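1. Predicted coordinates and the sequence they were generated for:
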Amino acid sequence: MLLLLLCLPALVPLFVVLTAVFTPEVEIWSHLARYVLPVVTTNTLVLVVGVSVGAALLGTSLAWLTSTCEFPGRRIFEWALLLPLAMPGYVLAFIAVGFLDFTGPLQTWLRGAFGSSSWFPSIRSTGGVILVLTFSLYPYVYLLARGAFLTQGRRAQEAARTLGMTPMRALWRVVLPMARPWIVAGTALVAMETLADFGTVAVFNYDTFTTAIYRAWFGMFSVNAAFELAAVLLVFVFIAFALERRSRANLRFATARDLSRQAVRIELRGVRAVVASLCAALVLGLGFVLPVLQLVVWVFARAASDLDARYFEFILHSVLLAGSAAIIITGASLLVAYLERQYGSTPVRALVRISTMGYAVPGTVLAVGILVPIIGLNNVLQHGLSTWLGDAAPSLLLQGTLATVLLAYFARFLAVGFNPIESGLSRITATIDEAAITLGAAGTALLRRVHVPLLRTSLMTAAILVFVDVMKEMPITLIARPFGWDTLAVRVFEMTSEGEWERAALPALAIVLVGLIPAAMLTRRGEHVA
Amino acid sequence: MWLELIDVARTFGTRAAVNGLSFQLERGAIGCLLGPSGCGKTTALRCIAGFESIDAGTIRAQGTVLAQPGRSLPPERRHIGMVFQDLALFPHLTVQENVAFGLTRLSRDERARRVGELLEVVGLSDRRTQYPHQLSGGEQQRVALARALAPKPDIVLLDEPFSSLDIELRERLSVEVRSVLKQLGATALLVTHDQQEAFTVADVVGVMRDGKLEQWATPYDLYHRPATRFVADFIGQGVFLLGDVVSPNAVQTEVGVVHMNGAGEMRPGQRVDLLLRPDDVLHDDASSLTAEVCARAFRGAEFLYTLKLPSGARLLSLVPSHHDHAIGEHIGIRIEPDHVVAFEREE
Amino acid sequence: MPERTLSQRSPYWVLLAFGFLTLLGCGRAPTELVVYSSRNEQLIKPMFDRYTEETGQAIRFVTDDAGPLIERLAAEGQNSPADILLTVDAGQLWQAAERGLLQPVDSETIRTNIPEHLRDPGSRWIGLSVRARTIVYSTERVQPDELSSYEDLADERWRGRLCLRTSKSVYNQSLVAMMIEAHGEEKTEDIVRGWVANLATEPFANDTRLMEAIIAGQCDVGIVNSYYFGRLTRDKPDQPIRLFWAELAGDGVHVNVSGAGIAAAAPRREEAQKFLEWLTQPEAQSMFADANLEYPANPNVAPDPLVASWGTFRASSLNVAKAGELQPLAVRLMDRAGFR
């Protein structure tokens, strides 16, 4: 069936990872089990829970603030709070460490002014990595929660207040529960990103499942053990998925009828207004403005000389890859969402869920998981061609084509494209379809006249999120890119892998700047977000 | 016949949602399928619309076969308009765009004219540029109706169109909807569980139970001449009084011998239940038959008294409200036998 | 229903699109040399350009971490377009050789130019530049005569004064591997435990941060690659930090190589060998090493003046291939010793 074909690229790497389980590396496993797994499992759990809770709290509270209240600067904060999406997590990490560590400017100044900075909390700690990832990932929750609050929140708030509840109680008892499916969906994305993350935790030397995977692979030379660890990771992800699905069931029941434009915002005055503005400013400052400033400083200090004509090429490649991926993944997600809607049996739904799990798999693992089968396919085809055409056979290099990179992106980012589209589609009730049909609009006319206009927001959101994610993506791009297709993220890798963090500021800044435009566009959609 | 269903059946697994359903609707008539939830009325409607296939029987409109087992005309080719329970207005289109949605075959001018016509009829001309979410429930309902009627469909189907509205609105809108349908000469079929709606809007009503049609008749006939016990129970109010048949036309009951109109097909000796509606039990001070008032409900123009007979059996009586009797009082009553119906007693 | 027509028509579109993109991968066998490199682009491109200038041979390359590159090489097997694998660590070369991904090279030029202990015993790869991983210390708080060997850093008197890079660094893994070769597992584990006990702070993610910490006073001694020290002090030579040439098991400074080998299925074997030989010549050696402030593998080539200013040292004579062979063991040892 078409659905299987579409989901195939996403399923293949998962499959490859799981088959590694059948060739167990006993010796390595007994070592891992004794010395590595206990710490790593605890750490990963702590990290995922910490970041999820942090991002959920931060994202939800900010979303509520900017969608239901009025305070100075609200209009700017509304869209600006999404900007951290454009900043890669590993960039934020090395900026944070560079700035706040013992040797960084802050502590150095403290020592100069007060003699000692030993009381200052160490950034290279569990708290530090949780903080950085929270600031990096809260926009996912912010975006989705905001959509929920805008479309339902204000009316619900008003209704609750007519029943005698104070705004705070109304928030707790009515508004938040109604927005719960969206908040959970955003938090799920955050949790998966955290699970798959390697760049950020590497900067902090924080041992998670991902670092254990890389250790087994590059340190102990056992790609098999690495994939086995990845398989275990997938099991955890699957469990988390099952839990998340329960909450998401409620999404279906949200009606589209409640676009409450006439609802009035809660005016904050005096101290409250100041606190609100300060909080928003603090988050924006720490998560985006200050890091960008640091990047700019570094660029002018060290890296400006690196800026040459090649940078246009890097930017072009980055944008091309991100753009193509956005289009392909959005289109495919749309198809998958429709197929799920039509054939929504349990096995179909399970298939779709599993296909989105690639988001939680560490990038390099996924990349190899896609690459190896494609290389295998390439070899088979090459063999066939050679026996058939002899010396005249062209030499294939499937693994060096754009198709491979895009397929790998597909496997990784399907979740990002699929979730907003599925939400949007679920708001188009079956009766709307039927109404249109009775009025003569069936088949493509139905899509064109009803679905596309109603899905426009979801499609844009999906495309933009995928674009921004691919811009920042590193491990897959590295391994699967065609010859000469260096992107900005690849440049960052080149610099940071040799410890030249300051020189990495230039490509990092470029990534942020290019990603700014789509990230800001996301909020234009804010009023209509699915 | 404008719409004809012959022995239509639709089964889901082992359960027959609709079974042996047959009725006819004339052109310009408004029909209604009435029944409790789960009786199959919505399924029947969807079969007519084309969203469900049928497993037996035939659905015909103006002689053309719409559906037969294994063969089915797709909904978009049936020239059927539909108003849905949740209204299903297109949120991204204005009122006039919604109404114009099905009018793609008309030229721009014709379309504008038709839309204007319909908005006029439903009284929403001044809201034409607004979006559905800006309208009240009742206004949205009217847009849904206008939209369904705009392309001049052969039949309009309405699926519990008033269920999402509050009570005062329902009564008012029922009347309006009927008036709109009649004004435009539309043939319509309504589905509802609310008798009031059915009686207000429809010319002919079919009472359904468990997928079968119990009776297809005018509201008056349903009320006064229920064909089955279920219909008698379901429609209106009333009580059953035990009786014995003494002659083909007469039944002996606690309140005396009741002479009934009609051909008289009862067998003497038969045990029957007599259906007595509140309007069949009249207040008569001169009558020797009395009953005790044990409850009363003020209805404005009338009182609905619940009366207790010596045997303990209850009767309902609708009495003009200037007869104000207190609870515990005994009042004289008389049975008006015009519309009394007898049903064989089920043991 | 709309979905039905979509389902019917879409498979063809999908396959068509995929086929089109795949065709992009077809072509005649190119005449360019293909290099898979884990050594950064900015360090190798100038050299490749120079080679092309001199000989007309064009070179295509792709950069990535060694691990994924090796996986790709392995999966590609006979159809691999790669001619040369270039890495930044002997261990990576060893692993590639072990997996049969490199082929032996019989070249008199290479044997003459590159010393034996910097070459694979099976002739499957060669080192091209040498980097020393040695002790760096704060001139303000430590005297050179206090320092002697890597092993000594485990001594109690360095408690709270030692800074190290993480055990995830392949450079540390190679160091520990060579220590296992010299001392055996048990003793090495004791030493590493000693190091861990002496740490002033969490291990650092890179050598540069480590040195900055020493300068800022967070710790007094550390172990870094010589070229990182070079980069740090190149712009600011007056920093209170200096290199010390430490001993490993009394044998000399621990060194590692950045090197290359010819891929087992190389389509352009002869050209690859020519290129490899060119890389061992003085001009190329200078370019290769100087770009990163390393020592040329060819003993007849002088290092960059800045590098030379650090003084000469005795390099450990153990074959660097051992670093690869013992790496998994080293990693496990570090796990046991708690060296993160």
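-> Here it is on my side, so go on.
2. Which elements pack onto the helix or strand hosting residue A:460?
-> Using DSSP states H and E, the element containing residue A:460 is helix A:452-472. Helix A:452-472 sits against helix A:310-342, helix A:402-426, helix A:488-496, helix A:505-524, with contacts defined as 3 or more CB pairs under 8 Å, 6 or more residues apart in numbering or on different chains; DSSP states H and E. Backbone N, C-alpha and C define where each C-beta goes, glycine included.
3. ends of stretch C:86-103, how far apart?
-> One end of stretch C:86-103 sits 14 Å from the other (CA to CA, to the nearest Å).
4. and that stretch, anywhere near chain A?
-> Yes - counting by CB under 8 Å from any CB of the partner chain, chain A has neighbours in stretch C:86-103: residue C:95.
5. can you give me the strands for chain A?
-> A:69-70, A:266-267 (DSSP state E).
6. pretty sure residue C:71 belongs to a helix, no?
-> Yes - checked against DSSP: H, G, I helix; E, B strand; the rest coil, residue C:71 lies within a helix.
7. Lowest-scoring secondary structure element of the chain by mean pLDDT?
-> Because you didn't say which chain, this covers chain A. Across the helices and strands of chain A, mean pLDDT, DSSP states H and E gives its lowest value to helix A:154-162, namely a mean of 67.
8. nope, chain C
-> For chain C, counting by mean pLDDT, DSSP H and E, that's helix C:2-23 with a mean of 52.
9. Partner strands of the helix or strand just after it, with direction?
-> For helix C:2-23, the succeeding helix or strand toward the C-terminus, using DSSP H and E, is strand C:33-37. Paired strands of strand C:33-37, with direction, are strand C:59-63 (parallel), strand C:84-87 (parallel) (DSSP bridges).
10. Roughly how far does the residue nearest to residue B:123 when sequence neighbours are not counted sit from residue B:30?
-> Leaving out its chain neighbours, the residue that sits closest to residue B:123 by CB to CB, 6 or more residues apart in numbering or on different chains is residue B:142, at 6.9 Å. With distances taken as CB to CB, to the nearest Å, residue B:142 is found 17 Å from residue B:30.
11. three-state assignment of residue B:105?
-> Three-state call for residue B:105 (three-state DSSP): coil.
12. Pretty sure residue C:110 sits in a helix.
-> Yes - with three-state DSSP as the criterion, residue C:110 is part of a helix.
13. my guess is it meets residue C:278, correct?
-> No - taking contacts as CB atoms under 8 Å, residue C:110 lies outside contact range of residue C:278: 10.5 Å.
14. and the strand or helix carrying residue C:135, does that touch chain A?
-> Assigned by DSSP H and E, residue C:135 belongs to strand C:126-138. No - Strand C:126-138 stays clear of chain A (CB under 8 Å from any CB), getting no nearer than 11.8 Å.
15. same thing with stretch C:268-276?
-> No - Stretch C:268-276 lies apart from chain A when judged by CB under 8 Å from any CB; the minimum separation is 12.2 Å.
16. Show me what counts as buried in that stretch.
-> Within stretch C:268-276, the residues that count as buried by 16 or more other CB atoms under 10 Å in any protein chain shown are C:268, C:271, C:272, C:273, C:274, C:275, C:276.
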